[in-house]
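Asker: Sharing a model prediction with you, sequence too.
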Amino acid sequence: MVQINLPKNSEVQKGNYYQDKTGSKNIRKVNVYRWDPSNGENPRVDTYEVDMDNCPSKVLDILNKIKNEIDPSLAYRRSCAHGVCGSCAMNMDGKNGLACTKPHSEIEGDINIYPLPHLKVKKDLIGDLSGLYKQYESIEPWLKTNTKVETTEIIQSKKDRKKLDGAYECIMCACCSTSCPSYWWNGDKYLGPAVLLQAYRWIVDSRDDERKERLKKVADELKLYRCHTIMNCTNACPKGLNPAKAIAELKKMLATS
Amino acid sequence: MENNNPLSPHIQIYRWHISSLVSISHRITGVLNIVALTIICFWIASLLLGENSYELTKIFLNSIFGKFIILSLTWSFSFQMLSEVRHLIMDLGYGFELKTTKITGLIVIIGSFILTILIYLIGKQFI
């Protein structure tokens, strides 16, 4: 159901203010969403004054700086810091992206950092993605082939391989799915852009023999057709992929098959 | 076990862009148009009651408020038409590149106002 307002226990309150202690002249205010599961309080937004003279270029660097130098209680996911693992996906300046690839110079004014939208928060910037992973499992993202011989490779033409470009690069960071209003309101049934892009990836793979069954499986009013080409997904994708187009291709395949 | 963890903010914090604006406006104008069409049907039906009822609606539609409503509805229908064409093209699988969606979105927004003015000017010739 469409619920515009946040539930009562999720309303964001004003939080603490951490004044700069370095005496730097180049200060930026960073507002970070905080929620501590241990004390039963509502989420809050803490404001940190960060010394930008000694801070590398990305938003993740700011978070690291806050955690290392100002407030070690801040929790967020990160790993590779090169836009490959997808761990540090979050909402920065009102748009989803990877903190490790988003330059803070692109953001004007105060920097607002929130967890990925419309997820159950585990702590601070960490959202619960288990629902999305379950949906990912439901499309059976592995090769299904009738070929009995398992010792030789399955040959694929260059043309067929090209069909996977723009789909195989997905790192499942969930930036797209959690940017999608349809996924916010119907996330329990609608598969969302990330999972549909992966469904598409296996459907167009020439080596897969279960194309028809896969198509039949996503052909559902709620699973697929909740996409209304709002384009938030493509706009958010930090890898420059186009889930909206993949969904349109799926719809086209179903309309013409 | 019920999960009582808070829900992270969504529409409250997410930044709007042209495609999302066009998409939500498409829905709003769609609802408006249905309501408007229903009222227009009632209006036409009311004409059966005779000259009196015709004069009454004429006075209302000639008032500033009436004109405002007519213009708003003209815009709402213009927007819906242009946006629908955009959707049809997208249903064919074209125009999904970020730049293209931005341009077509802008065309829909600006075009809806131009179409409104055009319809207004053409309509004036008939009255």
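Answerer: Structure received. If you're wondering where the values come from, they're calculated on a predicted model, not measured in any experiment.
Asker: For the residue positioned nearest the centre of chain B, give its distance to B:Q12.
Answerer: Centroid check for chain B by CA atoms, centre = their mean gives B:S76 as the closest residue, at 2.4 Å. Separation of B:S76 from B:Q12 (CB to CB, to the nearest Å): 27 Å. Placement of C-beta: from N, CA and C, glycine included.
Asker: who touches the closest residue to A:I4 other than its chain neighbours in this structure?
Answerer: Distances taken as CB to CB, 6 or more residues apart in numbering or on different chains put B:I11 closest to A:I4, at 6.2 Å, once the chain neighbours are dropped. When contacts are counted by CB atoms under 8 Å, 6 or more residues apart in numbering or on different chains, B:I11 touches A:I4, A:P117, A:P181, A:W184.
Asker: quick one: the closest residue to the second one other than its chain neighbours and A:S179, what's the gap?
Answerer: With CB to CB, 6+ apart as the criterion, A:P117 has its nearest non-adjacent residue at 3.8 Å, and that residue is B:H10. Relative to A:S179, B:H10 is positioned 9 Å away (criterion: CB to CB).
Asker: Now list whatever residues contact both of the two.
Answerer: Joint contacts of B:H10 and A:S179 (CB under 8 Å, 6+ apart) are A:P117.
Asker: What sits closest to the residue in chain A that chain B sits nearest to if chain neighbours are left out?
Answerer: Closest contact between chain A and chain B, by CB to the nearest CB, is at A:G94 (3.1 Å). In space, and not counting its chain neighbours, A:G94 is closest to B:R15: 3.1 Å by CB to CB, 6+ apart.
Asker: before we move on, which element is that neighbour in?
Answerer: Using DSSP states H and E, B:R15 is not contained in any helix or strand.
Asker: Could you pull up the residues touching it?
Answerer: By CB under 8 Å, 6+ apart, the contact set of B:R15 is A:D93, A:G94, A:K95.
Asker: what's A:K120 sitting at in phi/psi?
Answerer: The phi/psi pair for A:K120 (degrees, to the nearest 10) reads phi -70, psi 130.
Asker: In chain B, which residue sits nearest chain A?
Answerer: Proximity of chain B to chain A (CB to the nearest CB) peaks at B:R15, 3.1 Å away.
Asker: Tell me, how many residues neighbour B:F68?
Answerer: 10 (other CB atoms under 10 Å in any protein chain shown).
Asker: Could you measure from it over to B:W75?
Answerer: On the measure of CB to CB, B:F68 and B:W75 end up 11 Å apart.
Asker: do the same with A:M52
Answerer: From A:M52 to B:W75 the distance is 45 Å (CB to CB).
Asker: ok, the two, which is more surrounded?
Answerer: B:W75 (19 against 16).
Asker: Quick check, pLDDT for that one.
Answerer: Listed pLDDT for B:W75 reads 96.
Asker: Tell me if I am right that it is in a helix.
Answerer: Yes: assessed with DSSP: H, G, I helix; E, B strand; the rest coil, B:W75 lies in a helix.
Asker: What pLDDT does the model give the closest residue to it other than its chain neighbours?
Answerer: Residue nearest to B:W75 in three dimensions, not counting chain neighbours: B:T116, with 4.4 Å by CB to CB, 6+ apart. We have a pLDDT of 96 for B:T116.
Asker: Then the one 10 residues further on?
Answerer: Here, the pLDDT recorded for B:F126 equals 83.
Asker: helix, strand or coil for A:M90?
Answerer: Using three-state DSSP, the structure places A:M90 in strand.
Asker: list the contacts for it?
Answerer: Going by CB under 8 Å, 6+ apart, A:M90 touches A:Y76, A:N96, A:G97, A:A99, A:I113, A:Y114, A:P115, A:L116, A:L125.
Asker: For A:I155, see how far away it is.
Answerer: 41 Å.
Asker: And B:L48, by the same measure?
Answerer: Distance from B:L48 to A:I155, by CB to CB: 74 Å.
Asker: Check B:V31 too.
Answerer: For B:V31, the distance to A:I155 - CB to CB - is 53 Å.
Asker: give me phi/psi at B:M90?
Answerer: B:M90 adopts backbone torsions of phi -70, psi -30, taken as degrees, to the nearest 10.
Asker: so it sits right up against A:I230, yeah?
Answerer: No: look at B:M90 against A:I230 with CB atoms under 8 Å: they stay out of range, at 11.1 Å.
Asker: Of those two, give the one with the bigger neighbour count.
Answerer: Each of B:M90 and A:I230 has its neighbours counted (other CB under 10 Å); A:I230 has more, 23 against 20.
Asker: What's the per-residue pLDDT of that one here?
Answerer: pLDDT for A:I230: 94.
Asker: What is the helix or strand where A:K65 lies packed up against?
Answerer: A:K65 belongs to helix A:59-65 when assigned by DSSP H and E. With contacts taken as 3 or more CB pairs under 8 Å, 6 or more residues apart in numbering or on different chains; DSSP states H and E, helix A:59-65 sits against strand A:27-34, strand A:44-51, strand A:111-114.
Asker: List the neighbouring strands of the second one plus their orientation.
Answerer: According to DSSP bridges, the neighbouring strands of strand A:44-51, each with its direction, are strand A:13-18 (parallel), strand A:27-34 (antiparallel).
Asker: helices and strands of chain B: which one has the lowest mean pLDDT?
Answerer: helix B:51-62 (a mean of 87; mean pLDDT, DSSP states H and E).
Asker: Can you pull the residues of the stretch 151-257 of chain A lying near chain B?
Answerer: Counting by CB under 8 Å from any CB of the partner chain, the stretch 151-257 of chain A comes close to chain B at A:179, A:181, A:184, A:228-232, A:234-235, A:242, A:244-245, A:248-249, A:251-252.
Asker: now those residues: which count as buried?
Answerer: Listed as buried from those are A:179, A:181, A:184, A:229-232, A:234-235, A:242, A:244-245, A:248-249, A:251; burial here means 16 or more other CB atoms under 10 Å in any protein chain shown.
Asker: ok, B:N5 touching A:L119?
Answerer: No: applying CB under 8 Å as the test, B:N5 and A:L119 come out as separate, 9.1 Å apart.
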